[in-house]
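Asker: I need the structure of the sequence given here:
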Amino acid sequence: MDDYLAMLRRRLKVILIPALLAPLAGYGVSYAFSPKFTSQSTVLVEGQKVPDSLVQSVITSDFTQRIQTLSQQVLSPSRLRPVIQSLALAKPDEENKLIEDIQHNMTVDPVITSMSAAGMAGAKKKKPSAADEPVPGFIVNYTDSEPVRAQKICDALTELIVNENLKSRGEVAKGTTDFLSRQVEEAKRAIDEQDKKLAAFKKQYMGQLPTDADNNVRMLMSLNTQLDATTQTLARAQQDKAYTESMLAQQTAAWKSSQSNTNPQTLEQQLNQLQAQLMQLQARYTDDHPDVIKTKADIAEVQKKLKEVNAAAATATASNDKASASEPPEIRQLRLQIHQYQNVIEQAAIDQKRLQGQIGVYQSRTAMSPGVEEQYKLLTRDNDNAQAFYKDLLAKKSSAELSTSMENQQQGEQMNVLVRASLPDSPSFPNRPFFAAGGLGAGLAFGFILAIFLEFSDKSIRTEKDAAAIMDLPLLISVPWLGEDEAEAEVSANGNGNARRRLWGRGDPASPPEHENIEV
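Answerer: Numbering: from 1, shown residues only. So this is what the prediction gives:
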């Protein structure tokens, strides 16, 4: 540190002179630049007046990103040209140049304040509450060579940003609502298509759906039970019919045997026998004999019966009806029971066939149920997804419509000009104190660099270590430099007039440093 302090003392003038002259030079250089004036306006962004829990805004982009987007939109030539023409800021041939200057010299800086101006007065008295939420805002800066023009352009740009924000929010809200409306219509068409597919599937596989599986099993069990009962009824009716037919055959045979004398052959035999007996009687007796008279009466009776039987044979249908009518009640009752049993058998056979067909249908339905169930699940799942998607889009559409209505009524986020564009009273560029400070820094840097260069260029020996290092010889003794007068006085005191000094490592005397090695 002693060596460095010694260097600083030796080169202090070399450092201080540039450090003192450079600020003056920097301050003077600042007058060589044309002055620029910056006008500034502050815009406060107020949140929506309707609570977020009731109406969600469709504008969800980052605040800083939206501000940058708005600033790029208002800097387009199509937006700036009408402003320049309305304010008569430049001649027609200079409009393009002014537009380029505005695009390069206009900046927008977002700012976040924790409390409003009214709340900052009592900030020291109370802690920030939930109501003291950060209030976003931004500052519009424009720099121009003329302060009045800078103020006008800054004010116009601020109004453009505020109006563009209001317009863009309305367009975004309306675009979102229109988009969701189209999506809802497409979702509705998708639901209709799914409903048609599901209805056609239900119609095609009616009774085979998963919801009908339990019913099919119950119906199959019921039909099997009915088939068993019908089979039993059919078997019992067949047995009863067979028994009744046997009874009918027996009673009919007995009745026919009792009615055998009414047979034509029997009657003819009786007639022949009576005629033969009459001939025998006439051969022995006269016609008035009682036996002859009785025999003639019997012949007449047999002939009468034979005539009736022949007449009955000519009309078969009539004879059958008469024969049936002439049958005993027991036989007619048996015939009626057989007829009833036949009807029961026929109806039971029909029911049995019908039940077997129904059982086959329900068995096929039960067998096809797993495959149908898989397809039905796919259709139902697609339909449920379409329904859920439609309901979600419908809710989003309603929310977007509320947000659009809120934006149209200007109840959403609003930008208000808190501080209008100011008229700058002093130039923002060049900043002369900044130039002077820059000159001071540059002067100090130049002074230090020059001092370091001089130190490295100086080959003088100033310390004992320097001498030992250069000569590479051991140091015997060193005496401090006393100056010319002090050296002469010291020589006189020692009484040695031939004293001679020689610097180690040098053949010629040089200007003595702070310490110099003397060989006597």
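Asker: Quick check, Ile84 in contact with Ala90.
Answerer: Yes - judged on C-beta atoms under 8 Å, Ile84 makes contact with Ala90 at a distance of 5.8 Å. (Glycine included, C-beta is placed from N, CA and C.)
Asker: pLDDT score for Ser319?
Answerer: Ser319 carries a pLDDT score of 47 in this model.
Asker: Could you report the separation of the residue nearest to Val83 when sequence neighbours are not counted from Ala150?
Answerer: Setting aside the residues directly before and after it, Val83 is nearest to Ala156 in space (C-beta to C-beta, 6 or more residues apart in numbering), at 4.7 Å. Counting by C-beta to C-beta, to the nearest Å, the gap from Ala156 to Ala150 is 11 Å.
Asker: And Ala311, by the same measure?
Answerer: To Ala150, Ala311 is 146 Å away according to C-beta to C-beta.
Asker: for Leu271, same thing?
Answerer: In this view, Leu271 and Ala150 are 159 Å apart by C-beta to C-beta.
Asker: Same check on Lys307?
Answerer: As judged by C-beta to C-beta, Lys307 and Ala150 stand 152 Å apart.
Asker: what's the answer for Ala388, then?
Answerer: Per C-beta to C-beta, Ala388 is found 58 Å from Ala150.
Asker: same check, this time on Ala213
Answerer: From Ala213 over to Ala150 the distance is 84 Å, taken as C-beta to C-beta.
Asker: Helix or strand: which one has Val302?
Answerer: Using DSSP states H and E, Val302 sits in helix 290-314.
Asker: And that helix, what's buried?
Answerer: Of the residues in helix 290-314, Val292, Thr295, Lys296, Ile299, Val302, Lys305, Leu306, Val309, Ala312 count as buried by neighbour count, 16 or more other C-beta atoms under 10 Å.
Asker: Same list (those residues) but as a markdown table, adding pLDDT.
Answerer: Below are the buried residues of helix 290-314 laid out as a markdown table (pLDDT from 0 to 100):
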| residue | pLDDT |
| --- | --- |
| Val292 | 79 |
| Thr295 | 82 |
| Lys296 | 82 |
| Ile299 | 84 |
| Val302 | 77 |
| Lys305 | 76 |
| Leu306 | 74 |
| Val309 | 70 |
| Ala312 | 65 |
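Asker: Tell me the one among these nearest to Gly371.
Answerer: Among these, Ala312 lies closest to Gly371 (C-beta to C-beta), at 71.4 Å.
Asker: Just the buried residues of stretch 7-20, please?
Answerer: With burial defined by 16+ other C-beta under 10 Å, the residues of stretch 7-20 counted as buried are Met7, Arg11, Val14, Ile15, Pro18, Ala19.
Asker: Would you mind confirming that the third one makes contact with Ile452?
Answerer: No - in this structure, Val14 is not within contact of Ile452 by C-beta under 8 Å, at 9.8 Å.
Asker: which stretches of the stretch 351-500 of the chain form strands?
Answerer: 414-419, 479-480 (DSSP state E, counting those that start in this stretch).
Asker: Pro427: which of those strands is closest?
Answerer: For Pro427, the closest of the strands of the stretch 351-500 of the chain is strand 414-419, at 20.2 Å, according to C-beta to C-beta.
Asker: Kindly export the closest one (C-alpha atoms) in CSV.
Answerer: What follows is strand 414-419, C-alpha atoms only, in CSV (Å, rounded to 0.1, in the frame of the first residue of the first chain):
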residue,chain,number,x,y,z
GLN,A,414,-61.9,1.9,-18.6
MET,A,415,-58.9,4.1,-19.4
ASN,A,416,-59.1,7.7,-18.1
VAL,A,417,-56.5,10.4,-18.7
LEU,A,418,-55.3,11.2,-15.2
VAL,A,419,-52.7,13.8,-16.2
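Asker: Check which helices and strands that strand is in contact with.
Answerer: Strand 414-419 sits against strand 37-46, helix 147-204, with contacts defined as 3 or more C-beta pairs under 8 Å, 6 or more residues apart in numbering; DSSP states H and E.
Asker: do you know which of these lies nearest Ala400?
Answerer: So among these, helix 147-204 is nearest, using C-beta to C-beta, at 4.4 Å.
Asker: The closest one relative to strand 414-419, how many degrees between them?
Answerer: Between helix 147-204 and strand 414-419, the angle comes out at 170 degrees (axes from the mean of the first three to the mean of the last three C-alpha atoms, to 10 degrees).
Asker: after helix 147-204, next one along is what?
Answerer: Criterion used, DSSP H and E; the element after helix 147-204 is helix 213-258.
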